[in-house]
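*Asks:* Build me a model from this:
(one chain, ligands or ions: 2)
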Amino acid sequence: MYNIAIVGASGYTGGELLRMLLNHPEVEITDITSRQYDGVEAHKIHPHIRDSGLVFKDKKPSELDADVVFTATPHGASMKIVPDLLETGAKVIDLSGDYRYRDTAVYEKWYGIEHTSDAEAVYGLPEIYREEIKKADLVANPGCFPTGAILSSYPLVKNDLVDRIIIDSKTGVSGAGVSPSQTTHYPNIADNVNPYKISNHRHMSEIQQELKGFEGVKVSFTPHLVPVIRGIQTTSHSFLNKENENITTEELRKIYKKEYGGEYFIKLMDEGEIPHLSSVRGSNFAHIGGFEIDETGRVIMLSTIDNLVKGASGQAIHNMNIMLGLKESMGLEFYGLHP
Ligand SMILES: NC(=O)C1=CN([C@@H]2O[C@H](COP(=O)(O)OP(=O)(O)OC[C@H]3O[C@@H](n4cnc5c(N)ncnc54)[C@H](OP(=O)(O)O)[C@@H]3O)[C@@H](O)[C@H]2O)C=CC1
Ligand SMILES: CC(=O)N[C@@H](CCC(=O)OP(=O)(O)O)C(=O)O
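*Replies:* Ligands and ions are numbered 1, 2, ... in the order given. Predicted coordinates:
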């Protein structure tokens, strides 16, 4: 059994880590930290997790003794915690944006804060960086929008088929975390669709980092908040380059099958099937479909994930399994909640 600690366990991704790790056969949760709920039983904050026996403690990173620590803390906070955790000898999986960038100047530009840690991390998208994750002490778990966006477009850029990608995503409200705000206030959300940060959401830079390295493909991104609790639906519009303007939808399908055919958590939709948000809710699966090309040379790809699972805590556990040499899908082999 491996000992596991969760820092920032009172938030939404912390609650999801608890839900899934309590059912994982090879781990035991030894510490869950919270500054505001020191001494409070876990189920008082996460009422779905009863009888776990876990109690929040306001512990410092250096007081934790675990094989793996998840930092489910906001960006800016994680980089102050992670270096001390690495000092304890633990492997660390950070759910924030702090370690996702290969160039910290890009982080500083998009997050507007100074980057103060020089710990080296691997970008934790298992379908692309599996070999690097196996050897990593620190994994930067990807952002929720980037997970759905990168997975649905990666085969297009890897095979040099497109030169322009426009990504349009709809997200559930839990993406904003546990603290209430005007944006997440019920009357402002319900019966509404709210586009936000339409040209400058920080996840655009993360998606670009992973996709535009291939022959300078141009990538843009616009998010929308919709009245659901969980899930991200992404539609990407990509434009075929001159050399590939005659590619067919069957050829596209073959390319995706070759890339993802062996991936447990990626389900490619059959012809005529649309990936639904409700089918992935609560699960670690990404559903990818579309594969259509219109008469202007636009490839339309669709993906759905649960932002709290494949977009955060489930993917973090997938990374943990890889880092520990366990079966990759261990503790995550459950379907979504449809309807
Ligand atoms: N929600 C989502 O869908 C996704 C979230 N993420 C990222 O994962 C991380 C956690 O997200 P989420 O769970 O939604 O966030 P929440 O706001 O729900 O929870 C974060 C928790 O971190 C603790 N915390 C806040 N500030 C600090 C600090 N300065 N030092 C130590 N602990 C702190 C708080 O616990 P307490 O006050 O009790 O100590 C809080 O409950 C964030 O970086 C987020 O961007 C990534 C992908 C998806
Ligand atoms: C609905 C909502 O507010 N979503 C968040 C998603 C951010 C997130 O969780 O990702 P990071 O880990 O990169 O912070 C947002 O748009 O900022």
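
*Asks:* quick one, what contacts the residue in the chain positioned nearest to ligand 2?
*Replies:* Residue nearest to ligand 2 within the chain: Gly175 (3.0 Å; CB to the nearest ligand atom). The way it works is simple: take the backbone N, C-alpha and C, and place the C-beta from them, glycine included. Contact analysis of Gly175 by CB atoms under 8 Å, 6 or more residues apart in numbering lists 144, 232, 307, 311.

*Asks:* Also near ligand 2: which of those residues, exactly?
*Replies:* Residues of the contacts of Gly175 in contact with ligand 2 (CB under 6 Å from any ligand atom): Cys144.

*Asks:* Is it correct that Ile32 is in contact with Ala42?
*Replies:* Yes - with contacts counted by CB atoms under 8 Å, Ile32 reaches Ala42, the gap being 6.3 Å.

*Asks:* thinking again about what came up before, sort out which of the contacts of Gly175 are in strands and list them.
*Replies:* Counted as lying in strands by DSSP state E, out of the contacts of Gly175, are Ile232.

*Asks:* Next step: the contacts of Gly175 restricted to helices.
*Replies:* Residues of these located in helices (DSSP state H): Cys144.

*Asks:* picking that back up, per-residue pLDDT of the residue of the chain closest to ligand 2, please?
*Replies:* For Gly175, the model assigns a pLDDT of 97.

*Asks:* Where does it sit: helix, strand or coil?
*Replies:* Per DSSP: H, G, I helix; E, B strand; the rest coil, the local secondary structure of Gly175 is helix.

*Asks:* okay, now Ile229: neighbour count?
*Replies:* Ile229 has 14 neighbouring residues, counting by other CB atoms under 10 Å.

*Asks:* just the one 5 residues further on next, same as before
*Replies:* Here the count is done by other CB under 10 Å, and Thr234 has 29 residues near it.

*Asks:* doesn't it fall inside a strand?
*Replies:* Yes - the assignment for Thr234 is a strand, going by three-state DSSP.

*Asks:* Beta-bridge partners for it, please?
*Replies:* Beta-bridge partners for Thr234, by DSSP bridges, are Ser169, Ser303.

*Asks:* ok, now which ones touch it?
*Replies:* Neighbouring residues of Thr234 by CB under 8 Å, 6+ apart: 145, 148-149, 152, 167-170, 302-304.

*Asks:* now the residues you listed in TSV, with distance to Val226, neighbour count and pLDDT?
*Replies:* Formatted as TSV, those follow (distance: CB to CB, whole Å; neighbours: other CB atoms under 10 Å; pLDDT from 0 to 100):
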residue	distance to Val226	neighbour count	pLDDT
Phe145	13	25	98
Gly148	14	33	98
Ala149	16	32	98
Ser152	18	28	98
Ile167	16	27	98
Asp168	12	16	98
Ser169	10	25	98
Lys170	5	18	98
Leu302	15	21	98
Ser303	15	28	98
Thr304	12	28	98
